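J.: model the following, please.
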Amino acid sequence: MRKIAFVFPGQGAQYTGMGKDFYENYDRAKEVFAIAGKVSGMSMEELIFQENENLNITEYTQIAMLTVELAILKVLEEKGISCAVYNMHTIKPIDREGLGEIFVRHSLIVTVEEHMVTGGMGSAVAEYKAEQANAPRQVFLGFQDAFLEAGTQRYVWEQAGLTEVQLAERIEAEWEREA
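T.: The predicted model follows:
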């Protein structure tokens, strides 16, 4: 069974403009934003792409993050990649039972975080994974342990290969590697 589990961080990782690269490049992402907007009764584009206070309020943060995560998932599914999204809202204490279920159902675990992968959520998942027999392969997506040239948030992401489109390309390559 080839199936990817994407483990995203919870609240605190949100930022204005998240998912915009995907939104602008994939019609399927726009469809997800439209559905989320209809269900929630608010414009996801305004909530996520425009500076505002609401993005940091829990009731708005959660729908915003879920919208972006599902947009990514649906675009990847459209490309023939079987995947599921999991929101790990806290790193400590780690949800050992939840991770156990994820490990049984998936052949590849992808942790995605907007900071150094060393010592972050991916590391916590890897620590749990080290104790398991026949654990799936894990890919860490985030900032590697290296100095990056200073610049805007977007510039730094581009340098680190962490824009939404760059991440999708990396995930497609990992999917092919799993074949």
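J.: the helices in this structure, which residues?
T.: 20-25, 27-40, 44-49, 58-78, 96-105, 121-130, 153-160, 164-178 (DSSP state H).
J.: and the strand of greatest length in the chain with helix 153-160, angle?
T.: In terms of residue count, the longest strand belonging to the chain (DSSP state E) is strand 108-116. Strand 108-116 and helix 153-160 are oriented at 130 degrees to each other (axes from the mean of the first three to the mean of the last three Cα atoms, to 10 degrees).
J.: once you drop chain neighbours, what's closest to Arg105?
T.: Ranked by Cβ to Cβ, 6 or more residues apart in numbering and with sequence neighbours excluded, the top spatial neighbour of Arg105 is Lys3, at 6.5 Å. Just so you know, the C-beta spots here come from the backbone N, C-alpha and C atoms, and that holds for glycine as well.
J.: wait, what's in contact with that neighbour?
T.: For Lys3, the contacting residues are Ser82, Cys83, Ala84, Arg105, His106, Ser107, Leu108, taking Cβ atoms under 8 Å, 6 or more residues apart in numbering as the criterion.
J.: again, only this time at 10 Å
T.: Counting by Cβ atoms under 10 Å, 6 or more residues apart in numbering, Lys3 makes contact with Ile81, Ser82, Cys83, Ala84, Arg105, His106, Ser107, Leu108, Pro136, Glu178.
J.: mind giving me the ChimeraX select for these, buried ones only?
T.: To isolate the buried members of these in ChimeraX, using 16 or more other Cβ atoms under 10 Å:
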select :81,83,106,108,136
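J.: check the gap between the residue of the chain lying at maximal distance from its centre and Gly37 for me.
T.: Within the chain, the residue lying farthest from the chain centre (Cα atoms, centre = their mean) is Ala133, at 25.6 Å. Ala133 sits 44 Å away from Gly37, taking Cβ to Cβ, to the nearest Å as the criterion.
J.: Ala13 now?
T.: For Ala13, the distance to Gly37 equals 21 Å [Cβ to Cβ].
J.: what's the answer for Ala64, then?
T.: Shown here: Ala64 relative to Gly37, a distance of 11 Å by Cβ to Cβ.
J.: more neighbours, the two?
T.: When neighbours are counted by other Cβ atoms under 10 Å, Ala64 and Gly37 differ, and Ala64 comes out ahead with 26 against 17.
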